[in-house]
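Novice: 3D model of this:
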Amino acid sequence: MLTVNLAILAPFPIFFLIYVVKSVTVLALWRWHILKLRAQGLPMPAYNLFFGHLLIVNKIISSLPSDAHGHYLPDQIRRAYPELGPNFYLDLAPFAPSMLVLTSLDTLHQVTQQHPFEKYPSMKTFLKPLTGGLDIVTMRGPVWKKWRNIFNPGFSAGNLTNLVPSILKKTGIFISILEKHSEKQDIIKMKNLLDNLTMDIIGQVVLEKDFDCQRSFNPIVSGIRKQVRWLSFGAEPNLFIRYHPLRPFIHWYYGPKVDKHISGELQKHIEAHNRNDSSTTKSVIGLALKAHDLENSQISQSKAPESKTDMDPLFRKICIAQIKLFLFSGHDTTSSSICYTLYLLSKHPNHLRRVQEELDQVFSADRRQISERITQKPALLNEIPYTTAVIRESLRLFPTVSSTRDGERDFFVTDSHGRRFPTENFLVWVNPHAVHHAPELWENSDEFQPERWLDDKRKEIPKGAWRAFEHGARNCIGQELAMLESKIVVCMVARDFVVRDVYKELGQPASDKRVVGERAYQVQLSQPEGDLPCRIERI
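Specialist: Got it, this is the predicted structure:
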């Protein structure tokens, strides 16, 4: 019979009491700190000594659909409390980090360009199961700068031009899939189809690997998607979701499997690189290998041995981490942004007609020639200002990312009124959605108006007001690729198809399922609610 020595358990109530007293004391001191900031006239919503801003935030969140994306929060607070102005504090302790929300352009410039803050630690919590903490999103300081420079060449506009034929080939497969669905008139989820397309494209760009996941199963793609579904910032209000017992087992099972597959692909590139095989130099990894060897040769003042890259375990680990990061972030956000562009064009047929007229003028009225014309002259994609304006306006209304930065000791953000906002111990939230919907920056800020990006009207847009890819040294490394993909896909789809959402047809109520007037509001990783259920109509 199992017996327990009760004397062993005796200290536990004391330890628990000490923990509770310590936690309450820390929270009380933090509340007192926030009250002092409020007394100094720094903006924040009405404050509760016991609950901070939790009650107000809960009220705002309760007014939104339960699955709405968290980046709606600052804009919704601004609408509810316009007297706060563009910058304000939110105290969400102890359930989430307390934050300083910044949406004025002068303060944003300070933390992203003038004195760039590092990323907030929760981003590392989110990505670590996928990348092991070795990715360029969460790296800091000189380490980040080194590896960002190594991977930059593969995402340059010049290099991506070489990959246009591959992007067109994959988009051609996507068009054939749309044709079948237009004939069937069945209901599909556009986000899912676009996920497969953009994953095929990023596979070609990063690894020169044909995943062919639009038509078949791929173990790398499947494993990464399994892991991504279980990523967590560690701040979910639902504690069961936050600490789900299956999460570590999912990553334990799929992580090594994906790493093994990617390591095999990486080894092919390393061997080709060591043979001086020029056929791999167009890929992101091929150019990274070249940049890494160049850096090593500069450090040693002589050319490094050709096999050095193969024997560098850290470089191999970092490459695998970056590949996983690029495959995840390089397909998901782009597919969401294309989704919204096609959705908005279907809602605004006058803008769709203008896009079609522009495409006829630039690429000829024969719709079958568009792919051939772009292949022959990729620069034509720079001659479609209205189509580009539509894409940029879609990204303004539905930005797919926001940025959380880590406040610094003794660093104060100063607004246009001379008020100094301390940042130490705060999550500094750079929130593009709130900036993009700010009425003081954008006329008719909630309306889809692509013409604001044309000619003289574009000059009226304040510098730094459009933040779809963020600004400063830590901006999105893949922004050139994202715009290139979006242009190609929108050009080829808008010529022949209309994407009609079927929210009403599915019987989903419109009254209580809207954010900023939109039924296709953003959820989870910024995709449209329900992954944009739709029918495809051929024009």
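Novice: those strands in the stretch 1-150 of the chain, which residues are they?
Specialist: Taking DSSP state E, counting those that start in this stretch as the criterion, the stretch 1-150 of the chain contains strands spanning 87-90, 99-102.
Novice: oh, I was asking about the chain
Specialist: Defined through DSSP state E, the strands belonging to the chain, from first to last, are 87-90, 99-102, 188-189, 403-406, 412-414, 420-422, 427-430, 497-501, 522-523, 527-528, 533-538.
Novice: Of all those strands, which one is nearest L287?
Specialist: When those are compared by C-beta to C-beta, strand 403-406 sits nearest L287, at 25.9 Å. Just so you know, the C-beta spots here come from the backbone N, C-alpha and C atoms, and that holds for glycine as well.
Novice: low-confidence ranges in the stretch 1-150 of the chain?
Specialist: Low-confidence regions of the stretch 1-150 of the chain, defined here as pLDDT under 70, cover residues 1-12, 15-22.
Novice: Nearest to E357, out of the strands of the chain?
Specialist: Within those, the stretch nearest E357 is strand 497-501; the backing value is 15.4 Å (C-beta to C-beta).
Novice: what helices or strands is that closest one leaning on?
Specialist: Where contact means 3 or more C-beta pairs under 8 Å, 6 or more residues apart in numbering; DSSP states H and E, strand 497-501 is packed against helix 313-347, strand 533-538.
Novice: For P450, find the nearest of these.
Specialist: Among those, the nearest to P450 by C-beta to C-beta is helix 313-347 (8.8 Å).
Novice: and the closest one, which residues are buried?
Specialist: Buried residues in helix 313-347, counted by 16 or more other C-beta atoms under 10 Å: 315-316, 318-347.
Novice: State the mean pLDDT of it.
Specialist: Throughout helix 313-347, pLDDT has a mean value of 96.
Novice: quick check: angle from that helix to strand 497-501?
Specialist: Helix 313-347 and strand 497-501 meet at an angle of 90 degrees, taking axes from the mean of the first three to the mean of the last three C-alpha atoms, to 10 degrees as the criterion.
Novice: next one: helix 313-347 to chain centre, how far?
Specialist: Between the centre of helix 313-347 and the centre of its chain there are 8 Å (C-alpha atoms, centre = their mean, to the nearest Å).
Novice: where does E537 sit relative to Y386, distance-wise?
Specialist: Distance of E537 to Y386, computed by C-beta to C-beta, to the nearest Å: 22 Å.
Novice: Which one, of the helices and strands packed on strand 497-501, ends up nearest to L134?
Specialist: Closest to L134 of those is helix 313-347 (C-beta to C-beta; 3.8 Å).
Novice: by how many degrees do the closest one and strand 533-538 diverge?
Specialist: Taking the same axes, to 10 degrees, one finds that helix 313-347 is oriented at 70 degrees with respect to strand 533-538.
Novice: about what we covered before: and the helices and strands packed on strand 497-501 as a markdown table, adding distance to F412?
Specialist: Written out in a markdown table, the entries for the helices and strands packed on strand 497-501 read as follows (distance: least, C-beta to C-beta, whole Å):
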| stretch | distance to F412 |
| --- | --- |
| helix 313-347 | 32 |
| strand 533-538 | 48 |
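Novice: Could you report the separation of the residue nearest to D135 when sequence neighbours are not counted from G132?
Specialist: Across the structure, with C-beta to C-beta, 6 or more residues apart in numbering as the measure, the residue nearest D135 apart from its sequence neighbours is L325 (4.4 Å). When C-beta to C-beta is applied, the distance between L325 and G132 equals 10 Å.
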